[in-house]
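Novice: one predicted model, sequence on top.
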Amino acid sequence: MPSTLIVGATRGLGRELALYYADSLSHRVYATSRSSDVPTGLGHSNISWIPNIDLSKSSCGQDLATALRGKTVDSCIITAGYFATEDFGNANWDDEVKMYTLSSVAPVFVVQELVKASILTQGGKVVLVSSESGSITLRHEQEGGGNFGHHGSKAALNMVAKQLSFDLKDRGIAVVSVHPSFMRTEMTKGVGFDQFWDAGGALDPKDAARLLADWVEKDFSLEQSGTYWAPRGTRDIGNWDAVMGKSTAKEGPVQLPW
């Protein structure tokens, strides 16, 4: 039975990925939770919960490797993150540190410990959930400034994915960063982005999870390692037409510019 590790699986995209991999793809799923409590409503014979994995702690990688000792995983998908909005003149230090830590610092320590412990081995896949907001090319004046920590931490995550791809190439482990699509989650609602859900084509996390998982399992390979993708396409990337041109818009997987 194939096995998949979902880091950050208690809600939103992570939750739906865990359920999709366990149900529709019949994988053995290892799903992490920051707290000691197993989430309600997620009991499944194919899901094994790993509590107390906190990506804000420097020990997160070692904690996870210890919990998975003796096991192997074919794919690791890191979905954990944090989103706080900012305007110029009102940037928040603690919020920015938290965004960078969860998005672009912790994944390095998680991946390196999984590899060192031979949990993630030859032929494995690492998927780092980023956002189109991490593309410097796609930023446009019509969007304006602000949201420094959100955009910056995702751009940093993309660089982490690129660097890891070099480190892991000889081991046959593929690494990619992805924009999983604009979603109707508590995270986007909590920062007021629910006002854009309809116009922006926001997906239910269940649909986004299916699109991402199917792309990872069917299309993603070592040939795409070190690249940046949107499995859904350009439908929900607000600046795409203005920056890249309407003629380049498409449905289905598209490689994003850095």
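Specialist: Right, received. Where do you want to start? Numbers count the residues shown, from 1 in each chain.
Novice: count the residues that sit near the spatially closest residue to Val160 that is not a sequence neighbour.
Specialist: Counting by C-beta to C-beta, 6 or more residues apart in numbering, Ser104 is the residue found nearest to Val160 once chain neighbours are left out, at 5.3 Å. The way it works is simple: take the backbone N, C-alpha and C, and place the C-beta from them, glycine included. Ser104 has 23 neighbours, counted by other C-beta atoms under 10 Å.
Novice: right, and Ser104 touches Ala156 too?
Specialist: Yes. Taking contacts as C-beta atoms under 8 Å, Ser104 lies within contact range of Ala156: 3.7 Å.
Novice: show me the contacts for Tyr21.
Specialist: By C-beta atoms under 8 Å, 6 or more residues apart in numbering, the residues touching Tyr21 are 4, 6, 27, 29, 46, 213.
Novice: on the three-state scheme, the last one is what?
Specialist: Three-state assignment for Ala213 (DSSP: H, G, I helix; E, B strand; the rest coil): helix.
Novice: what residues are up against it?
Specialist: 17, 20-21, 24-25.
Novice: kindly report the same for the first one.
Specialist: Shown here is Thr4, whose contacts under the criterion C-beta under 8 Å, 6+ apart are 21, 25, 27-30, 73-77.
Novice: go again using 7 Å as the cut-off
Specialist: 21, 27, 29, 73-75, 77 (C-beta atoms under 7 Å, 6 or more residues apart in numbering).
Novice: could you tell me whether Glu96 really is in a strand?
Specialist: No. If the criterion is three-state DSSP, then Glu96 is helix and not within a strand.
Novice: can you pull out the residues in contact with the helix or strand containing Tyr228?
Specialist: Following DSSP states H and E, the helix or strand that holds Tyr228 is strand 227-230. Strand 227-230 is contacted by residues 132, 158, 176-179, 237, 253-256, 258 when judged by C-beta under 7 Å, 6+ apart.
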